[in-house]
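Chemist: what shape does this take:
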Amino acid sequence: MADSKPTQPFDPGTSPSASEPCPFCNISNSFTPYDPEHPPASSPALDPFKLAPPAFVVLSTPTLVAFLDILPLSAGHLLLCPRAHRPKLTDVTAPEAAELGVYLRVLSAALVRATGVPDWNVVQNNGAAAAQVVNHVHYHLIPRPEIRASGRFSESFTMFGRGVREELDDDEAEALAQKLRANVALVLEDESRKGKL
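Modeler: Below is the predicted model of the structure:
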């Protein structure tokens, strides 16, 4: 079991160098698509440790991939991106944009079910000046648990800019990714019955 440990402060002004391969393309190329309505419970195809750092995939379609953020702001912090390398939102194709829209909603519902947290942020940054660290368009889905109700008035979440984030715990991430995949399937099943898709 990997221990959660504080990492260096998150610095959105630091980007991977142009000579480094795109980490999101590496994830997209390493995980084959599967039917989100019938996700594999566990499979070598979903082995998060085939990459370093590990990638905990929660959705893998022919067009998109979603996975847990390795430095989450809260438990369940997801990233959703197109498989194809697209630097900014204006670079995605119309079909990619349509599928991103569908799965932002589906993943949001699955995230609420899996975490029990009814509030969340959807964040998307375009360019270094807008705090985009990885030059591959992606959306952050970030559960926002209510911290004031528990008397933690001095705490706040980091959203934009600098802040200390903790590394993802591998064991917790594996369980959460499996739970999220199952909840994506349930959301899709519910919506299919209601005729929403």
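Chemist: tell me the contacts of the nearest residue to residue 136 once chain neighbours are set aside?
Modeler: Spatial nearest neighbour of residue 136, chain neighbours left out: residue 24 (4.0 Å); criterion: CB to CB, 6 or more residues apart in numbering. To be clear about C-beta, it is placed using only N, CA and C from the backbone, and glycine gets the same treatment. By CB atoms under 8 Å, 6 or more residues apart in numbering, the contact set of residue 24 is 65, 79, 81, 85, 134, 136, 138.
Chemist: can you tell me the helix or strand for residue 24?
Modeler: Using DSSP states H and E, residue 24 sits in helix 23-30.
Chemist: mean confidence score for that helix?
Modeler: For helix 23-30, mean pLDDT is 97.
Chemist: show me what secondary structure element comes after that helix.
Modeler: Using DSSP H and E, the first helix or strand after helix 23-30 is strand 57-60.
Chemist: for the spatially closest residue to residue 38 that is not a sequence neighbour, give its distance to residue 194.
Modeler: Counting by CB to CB, 6+ apart, residue 185 is the residue found nearest to residue 38 once chain neighbours are left out, at 6.7 Å. Applying CB to CB, to the nearest Å, the value for residue 185 to residue 194 is 15 Å.
Chemist: so where is this structure shaky, pLDDT-wise?
Modeler: Per-residue confidence for the chain (pLDDT under 70) gives these ranges: 1-19, 147-164, 196-197.
Chemist: where do the strands sit along it?
Modeler: Secondary structure of the chain by DSSP state E: the strands cover 57-60, 64-68, 78-82, 120-124, 139-143.
Chemist: could I get those strands as JSON lines with mean neighbour count?
Modeler: Putting the strands of the chain into JSON lines (neighbours: other CB atoms under 10 Å) gives the following:
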{"stretch": "strand 57-60", "mean neighbour count": "25"}
{"stretch": "strand 64-68", "mean neighbour count": "25"}
{"stretch": "strand 78-82", "mean neighbour count": "25"}
{"stretch": "strand 120-124", "mean neighbour count": "16"}
{"stretch": "strand 139-143", "mean neighbour count": "21"}
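Chemist: returning to that earlier point: just how off-centre is the helix holding residue 24 within its chain?
Modeler: Between the centre of helix 23-30 and the centre of its chain there are 13 Å (CA atoms, centre = their mean, to the nearest Å).
Chemist: now do the residue nearest to residue 96 when sequence neighbours are not counted against residue 113, distance only.
Modeler: Spatial nearest neighbour of residue 96, excluding adjacent residues (CB to CB, 6+ apart): residue 82 at 4.6 Å. Distance of residue 82 to residue 113, given as CB to CB: 24 Å.
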